[in-house]
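Engineer: When you get a sec, could you give me coordinates for this:
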Amino acid sequence: MRKDIITNFMLINLVLFFLSCSSEPGDIPLNKVVPSPQQIEYQQMELIGFIHFSINTFTGKEWGHGDESPELFNPTELNTEQWVQAAKDAGMKQLILTAKHHDGFCLWQSKFTEYSVKNSPWKNGSGDVVREFVDACRVHGLKAGLYLSPWDRNHPDYGKPEYLVYYKNQLTELLTEYGPISEIWFDGANGGDGYYGGANEERRIDRENYYNWEDIWSYVKSLQPNILIFSDAGPDIRWIGNENGFAGETNWSMINSDTIIVGAADQNYLNTGDPDGKNWVVGECDVSIRPGWFYHESEDSLVKSPQQLADIYFKSVGRNGTLLLNLPPNKKGLISENDIQSLREFRKILNETFSRNLALGAEIKSDNIRYEHEKFSPVNIIDGDKNTYWAADDGIIKNTIELMFDQSITFDIISIQEPVRFGQRISKFTIECLINNKWETVAQGTTIGYKRLLKTENVTTGGIRFNILEINNTPAISEFGLYKSTPAEKTGDKFN
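Structural biologist: Numbering: from 1, shown residues only. Below you'll find the predicted structure:
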């Protein structure tokens, strides 16, 4: 009897042993701060668009004072589907419309003000730009976002508690009457001179306390739980600290939101993020395709070239950010052909440049593979699947992944991605190439995050080493690519 018990016990343990050997290990440990699924999906869009269109389009101003007549607003050929199609052709996945800029003029039939399209000649006062915009986005499969300026240079109560009731009422209209809104945009330009219902005076606010941002953000989420909120402090998406579209060479997705005053933030801090930050707040890099944010005929010859846009892409998306590119419609209500042509060529550059990953087919190995299990094999970083990844064992700080090629390749672009669902980990790395039988450093960097793009001189090599030098947790890489930029003869001068 006792012998049978011992035998059965041994069999059970043997079965458990084999089961443990054959089962797949779990994922790598999470960092303390990780993105939400919505933030991951947002950053994977990479390129989104801004539509600055309002009374300023017809006055030539960038910031209206709030005393401009609604009679001026009359876009005779307004076509929001043309906006959306231009954005879609450029590869954008979302558009954000200025439903109300600082001048207070509203592009929808707001019940709480007369300063809106309902008192304009456009469609005899019955039009609704916001409605046409969100409908066009949905027809063409783009997400729709809205900008509602916290500052209002028209409203008589701005700077008083009563204005906050008005502002919430307008948020309620926009977030309950137009279906799902993917992003709501709050900027930091607040307070100054304005019309203010005829007062024509300067009004300053206590930026730290006036809006009670925590309350507004909570209210927004109560209306649309899945919406992402943009401001200097997030809570989901942050300003990158400039309007050039450039993230920092070092760019962490983490910051300490509670240290940031919206409208008075440290721009360098926003540009680089914080490796010790306790909030995951993705950096959004906003820039206009023209010098101004609104359309001005005098800027028709100053549209950014396709090469300039490609350079901005590298310094935004390629530095762990998202690119928010402004496309201002003209007085007719159309995006100008100059802008559309530049967008098309910009997309062509990206498509051609990243059409072929020269790293595919390499013989690849790593100093360390987590548990020596295929789930964490370095082969995963060139399989084209962002969900698979290489990882090292816990406690491994420095590691080299080596790629060797049967024939020499020539590249000038390196792309690296981390599986950011587990957090952002790498803080220093180098890239070496085998040149004349000697390993030479051709690129180096700090943070990687969702995506890091590095531009080099033309490099011809038969081998690559990716050296991870500093980390804050178990290192992991989801994608690695080598590319050759589009030849200059196809697109003009190459971007820098």
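
Engineer: For the closest residue to residue 45 other than its chain neighbours, give its distance to residue 236.
Structural biologist: Excluding its sequence neighbours, the residue lying closest to residue 45 (Cβ to Cβ, 6 or more residues apart in numbering) is residue 93, at 3.9 Å. In short, each C-beta sits where N, CA and C put it, glycine included. According to Cβ to Cβ, to the nearest Å, residue 93 stands 16 Å off from residue 236.

Engineer: what sits opposite the residue positioned nearest the centre of the chain in the beta ladder?
Structural biologist: The residue lying closest to the centre of the chain (Cα atoms, centre = their mean) is residue 322, at 2.1 Å. Per DSSP bridges, the residues bridged to residue 322 are residue 284.

Engineer: The one 4 residues further on now?
Structural biologist: Legend: beta-bridge partners of residue 326 under DSSP bridges are residue 50, residue 288.

Engineer: That one - how many residues pack around it?
Structural biologist: 21 (other Cβ atoms under 10 Å).

Engineer: Please name the residues that touch it.
Structural biologist: 49, 50, 51, 52, 286, 287, 288, 289, 290, 293 (Cβ atoms under 8 Å, 6 or more residues apart in numbering).

Engineer: what about the stretch 351-496 of the chain, any weak spots by pLDDT?
Structural biologist: 487-496 (pLDDT under 70).

Engineer: wait, the chain
Structural biologist: Ranges of the chain meeting pLDDT under 70: 1-23, 487-496.

Engineer: in it, which spans are helices?
Structural biologist: 2-22, 37-45, 56-59, 80-89, 129-139, 161-176, 213-223, 267-272, 306-316, 337-353, 488-491 (DSSP state H).

Engineer: Export the ones you listed as a markdown table, with columns for distance to residue 434.
Structural biologist: Below are those laid out as a markdown table (distance: least, Cβ to Cβ, whole Å):
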| stretch | distance to residue 434 |
| --- | --- |
| helix 2-22 | 37 |
| helix 37-45 | 33 |
| helix 56-59 | 56 |
| helix 80-89 | 41 |
| helix 129-139 | 48 |
| helix 161-176 | 56 |
| helix 213-223 | 51 |
| helix 267-272 | 33 |
| helix 306-316 | 25 |
| helix 337-353 | 24 |
| helix 488-491 | 27 |
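
Engineer: Adding mean neighbour count, write those helices out as CSV.
Structural biologist: Below are the helices of the chain laid out as CSV (neighbours: other Cβ atoms under 10 Å):
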stretch, mean neighbour count
helix 2-22, 9
helix 37-45, 17
helix 56-59, 21
helix 80-89, 20
helix 129-139, 21
helix 161-176, 16
helix 213-223, 16
helix 267-272, 18
helix 306-316, 22
helix 337-353, 18
helix 488-491, 12
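
Engineer: Please report how far the residue nearest to the centre of the chain lies from residue 388.
Structural biologist: 23 Å.

Engineer: okay if I get the contacts of residue 326 as CSV plus neighbour count and distance to residue 265?
Structural biologist: Formatted as CSV, those follow (neighbours: other Cβ atoms under 10 Å; distance: Cβ to Cβ, whole Å):
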residue, neighbour count, distance to residue 265
49, 27, 24
50, 25, 20
51, 24, 25
52, 22, 22
286, 24, 14
287, 23, 18
288, 21, 21
289, 28, 25
290, 24, 26
293, 21, 20
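
Engineer: Please produce JSON lines containing the residues you listed, extended by distance to residue 192.
Structural biologist: Formatted as JSON lines, the contacts of residue 326 follow (distance: Cβ to Cβ, whole Å):
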{"residue": "49", "distance to residue 192": "28"}
{"residue": "50", "distance to residue 192": "22"}
{"residue": "51", "distance to residue 192": "24"}
{"residue": "52", "distance to residue 192": "19"}
{"residue": "286", "distance to residue 192": "20"}
{"residue": "287", "distance to residue 192": "23"}
{"residue": "288", "distance to residue 192": "21"}
{"residue": "289", "distance to residue 192": "27"}
{"residue": "290", "distance to residue 192": "24"}
{"residue": "293", "distance to residue 192": "17"}
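
Engineer: Closest to residue 176 out of these?
Structural biologist: Closest approach between those and residue 176, by Cβ to Cβ: residue 51, at 21.4 Å.

Engineer: ok, now which ones touch the closest one?
Structural biologist: 83, 95, 96, 97, 98, 133, 326, 327, 328, 329.

Engineer: run the last query once more with 7 Å
Structural biologist: By Cβ atoms under 7 Å, 6 or more residues apart in numbering, the contact list for residue 51 reads 83, 95, 96, 97, 98, 327, 329.

Engineer: how many other residues sit next to the fourth one?
Structural biologist: If I follow you right, that is residue 97. Neighbours around residue 97, by other Cβ under 10 Å: 26.

Engineer: Any idea what it is bridged to?
Structural biologist: residue 51, residue 146.

Engineer: Domain-wise, how is this protein divided?
Structural biologist: 37-353, 363-486 (automatic domain parsing).

Engineer: In this model residue 120 seems to touch residue 109, though I could be wrong.
Structural biologist: No - between residue 109 and residue 120 there is no contact under Cβ atoms under 7 Å: 11.0 Å.

Engineer: Where do the strands of the stretch 351-496 of the chain begin and end?
Structural biologist: Taking DSSP state E, counting those that start in this stretch, the strands of the stretch 351-496 of the chain run over residues 363-366, 390-391, 399-417, 426-435, 438-445, 452-471, 476-477, 479-483.

Engineer: Can you give the contact residues for the last one?
Structural biologist: Where contact means Cβ under 7 Å, 6+ apart, the residues beyond strand 479-483 that reach it are 353-354, 357-359, 381-382, 386, 409, 411, 413-417, 466.

Engineer: if we go to 8 Å?
Structural biologist: 353-354, 356-359, 381-382, 384, 386, 401, 403, 409, 411-417, 464, 466.

Engineer: Much appreciated, bye for now.
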